[in-house]
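J.: Everything below, folded, please.
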Amino acid sequence: MSLKIAIAQINCLVGDIQANTQQILKFAQQAYQQQADLVVFPELTLTGYPPEDLLLRNKLHQQIEIALKKIINEAPPCTLIMGYPRKIKGNLYNSAGIIQNGRLIAEYYKNKLPNYSVFDERRYFKAGKKSCVVKIKNTLIGLTICEDIWFQKPAKKAKKAGAEILININASPYHLNKTKQREKQVSKIAKRYQLPIIYNNLVGGQDELVFDGQSFVLDHKGQLTQRLKAFKTQLAMVYFNNKQQPRLTKISPLQNENKQIYHALVLATRDYVYKNGFKGAVLGLSGGIDSALTLAIAVEALGAENVEVVLMPSRYTADISNLDAVKQAKKLKVKYRSIAIEPAFNAFLEMLKEEFKGTKTDTSEENIQARCRGIILMAISNKKGKILLTTGNKSEMSVGYATLYGDMAGGYAPIKDLYKTKVYELSLWLNRKQEIIPNRVITRPPSAELAPDQKDSDSLPDYAILDAILKRFVEQDESIEKIIKAGYDDQIVKRVALMVDRNEYKRRQAPLGVKITARAFGRDRRYPLSNGFNQK
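T.: Residues are numbered from 1 along each chain as shown. Down below sits the predicted model:
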């Protein structure tokens with residue numbers, strides 16, 4: 001007897017139990033109309049992922065129980081598998097329930113709780129110990145949740161209990177090359193235990209995380225038979241024959257690196273803006289590469305009609321910067337205006353004249369300019385209810401090449417986890433068919449334009465060298481000695497390491513930005529501000 005299983009790759013809003021419930025019922029109905037025997041939803045579908053300290057609120061669990069009853073009573077007559085937190089005798093479990101014929105017929109509790117990188121599940125959940133295998137249309141289905149599939153024991157227990165197909169529901173956040181890692185690992189499990197596996201993953205942006213979907217199906221030999229779209233909500237059917245083997249169906253191609261990064265940034269920005277109730281976005285457009293890329297992302301995410309930009313020239317702004325900014329704003333059809341900061345800058349200099357008397361001009365005056373811009377942008381953001389997008393990149397965030405309460409002021413930082421070299425690479429990719437970012441913005445030397453004839457290279461090593469060192473020091477935790485032995489100049493390495501360490505306090509005050517690399521600042525990398533550790 002053949003089996004038809006629907007994968008519901010959906011986008012949930014954390015904490016909105018009612019909306020998530022309606023989405024579950026809607027997709028279940030669609031699956032039933034397509035004659036699915038079973039519809040599978042992602043990990044913690046009811047709450048969204050990660051619910052974090054919402055899990056400590058009794059009201060949340062009361063709403064979950066109400067939602068479960070509603071789904072049990074109103075779900076169409078096909079079997080449902082979905083994730084939710086469940087309190088049992090004082091313990092909280094990351095659970096998956098199987099709903100069939102108006103009853104909750106079984107529950108599985110996640111065996112392996114991740115507690116590394118962005119994950120903190122042991123803070124909230126107790127690990128389950130048992131397997132869960134249920135019969136659906138004469139086929140024994142084993143159930144696991146996310147981290148379980150990275151270990152052999154949960155699959156082994158399911159196989160021993162008689163599972164003929166293994167389902168793994170996930171909330172696996174995106175970073176570069178994650179899809180290949182998942183498929184390689186799950187393939188090992190499928191081959192080892194001779195089990196076809198359905199891997200269903202969440203999609204959507206949630207604060208610093210973005211979930212890419214890309215759910216997939218493997219046969220018992222670990223061969224890929226189906227892959228869903230990246231960064232898209234989707235309902236897809238999996239067809240099993242009488243021997244419980246999946247039919248080869250559409251395999252959505254893996255996107256190249258730049259395409260997947262761009263789609264991740266767009267989805268994360270869109271979801272953060274709209275899930276938090278903003279009407280749109282505003283940003284400062286300087287004529288530089290970072291703001292140009294941020295604008296392109298914002299327009300793709302929100303639509304040109306919901307984005308506006310402000311040019312804020314100073315006495316040091318080059319004419320070509322203004323020309324390029326206007327050119328891009330017109331090209332992307334966004335509302336723009338120019339507000340010169342010179343009056344505000346002069347006013348602050350006059351106010352501080354006595355305080356600054358007898359001192360040399362330095363970064364203090366540069367920072368005042370950046371903060372004038374921050375005040376203007378925040379005022380527009382407040383007045384119009386549009387979120388202020390900041391434009392800083394990972395290279396700048398790493399070494400503190402940014403101004404607190406100036407260019408760091410804002411609500412969300414789309415390219416916060418992109419190194420400067422990747423900003424250029426992604427901009428070139430974006431321009432591959434037509435000029436979205438003016439070519440001169442990409443080719444001219446980068447500059448903050450806060451002092452006469454200023455260039456980033458006046459203060460920082462060449463970005464190709466800087467980024468290579470940062471990847472080793474920040475993402476791989478390599479020592480200064482090891483980086484120097486790899487062939488990098490010892491003085492540059494020591495200087496970069498010192499800048500990274502000294503500027504942790506700035507990063508703590510920076511807006512959220514989506515995780516793209518394997519190790520981002522924020523949830524991934526947590527360093528004490530006050531510490532005496534000697535890196536040398």
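J.: Where does the prediction get shaky in this structure?
T.: Within the chain, the segments meeting pLDDT under 70 span 1, 535-536.
J.: what's the longest helix in it?
T.: helix 363-384 (DSSP state H).
J.: What are the contacting residues of the helix or strand where residue 69 lies?
T.: Assigned by DSSP states H and E, residue 69 belongs to helix 58-74. By CB atoms under 8 Å, 6 or more residues apart in numbering, the residues outside helix 58-74 that reach it are 15, 17-18, 20-21, 24-25, 28, 46-47, 51, 54, 80, 82, 84-87, 97, 99, 102-104. Any C-beta I mention is one placed from the backbone N, CA and C, and that applies to glycine too.
J.: Is it possible to mark the buried ones in those?
T.: Buried subset of the contacts of helix 58-74 (neighbour count, 16 or more other CB atoms under 10 Å): 17, 20-21, 24-25, 28, 46-47, 51, 54, 80, 82, 84-86, 97, 99.
J.: quick one: which of these sit in strands?
T.: 80, 82, 84-86, 97, 99 (DSSP state E).
J.: Burial check on residue 193, number of neighbours?
T.: Counted with other CB atoms under 10 Å, residues neighbouring residue 193 total 18.
J.: Quick check: it vs residue 80, distance?
T.: 25 Å (CB to CB, to the nearest Å).
J.: got it, and residue 310?
T.: 49 Å.
J.: Residue 453 too?
T.: Relative to residue 80, residue 453 is positioned 65 Å away (CB to CB).
J.: so where does residue 507 fall, helix or strand?
T.: In the assignment (DSSP H and E), residue 507 maps to helix 504-508.
J.: could you list every residue that touches residue 394?
T.: With the criterion set at CB under 8 Å, 6+ apart, residue 394 makes contact with 415-420, 470, 517, 520-521.
J.: now those residues in TSV, with neighbour count, secondary structure and distance to residue 270?
T.: Shown next, in TSV, are those (neighbours: other CB atoms under 10 Å; DSSP: H, G, I helix; E, B strand; the rest coil; distance: CB to CB, whole Å):
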residue	neighbour count	secondary structure	distance to residue 270
415	30	coil	15
416	26	coil	16
417	27	coil	17
418	26	coil	17
419	26	coil	23
420	24	helix	24
470	23	helix	28
517	19	coil	20
520	23	coil	19
521	23	strand	22
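J.: Where does residue 404 sit: helix, strand or coil?
T.: Of the three states, residue 404 takes coil under DSSP: H, G, I helix; E, B strand; the rest coil.
J.: one step back: with just CA atoms, put the helix holding residue 507 into CSV.
T.: This file holds the C-alpha atoms of helix 504-508, laid out as CSV (Å, rounded to 0.1, in the frame of the first residue of the first chain):
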residue,chain,number,x,y,z
GLU,A,504,33.5,44.2,22.6
TYR,A,505,31.7,47.0,24.4
LYS,A,506,30.6,48.5,21.1
ARG,A,507,29.3,45.2,19.8
ARG,A,508,27.2,44.7,22.9
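J.: any residues touching it, and which ones?
T.: Contacts with helix 504-508, where a contact means CB under 8 Å, 6+ apart, come from 397, 400, 402, 404, 408, 521-522, 527-529.
J.: Relative to residue 108, which of those residues is nearest.
T.: residue 522 (31.2 Å; CB to CB).
J.: what about the closest residue to the closest one other than its chain neighbours, distance to residue 68?
T.: Nearest non-adjacent residue to residue 522, counting by CB to CB, 6 or more residues apart in numbering: residue 208, 5.3 Å away. Distance, residue 208 to residue 68, using CB to CB: 29 Å.
J.: So between these two, which is more surrounded?
T.: For residue 208 and residue 68, the more surrounded residue by other CB under 10 Å is residue 208, and the numbers stand at 22 against 19.
J.: picking up where we left off before, buried ones in the helix holding residue 507?
T.: For helix 504-508, using 16+ other CB under 10 Å, the buried residues are 504, 506-507.
J.: List the first helix or strand encountered after the helix or strand residue 398 falls within toward the C-terminus.
T.: Secondary structure assignment for residue 398, by DSSP H and E: helix 394-399. Counting by DSSP H and E, the next helix or strand C-terminal to helix 394-399 is helix 420-430.
J.: List the buried residues of that next one.
T.: 420-424, 426-427, 430.
J.: In CSV, list the C-alpha atoms belonging to it.
T.: Extracted C-alpha coordinates of helix 420-430, given in CSV (Å, rounded to 0.1, in the frame of the first residue of the first chain):
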residue,chain,number,x,y,z
LYS,A,420,33.8,43.9,3.8
THR,A,421,35.3,41.6,1.1
LYS,A,422,32.0,39.7,1.0
VAL,A,423,30.1,43.0,0.7
TYR,A,424,32.0,43.8,-2.4
GLU,A,425,31.6,40.3,-3.8
LEU,A,426,27.8,40.3,-3.2
SER,A,427,27.5,43.8,-4.7
LEU,A,428,29.2,42.6,-7.9
TRP,A,429,26.9,39.5,-8.0
LEU,A,430,23.9,41.8,-7.6
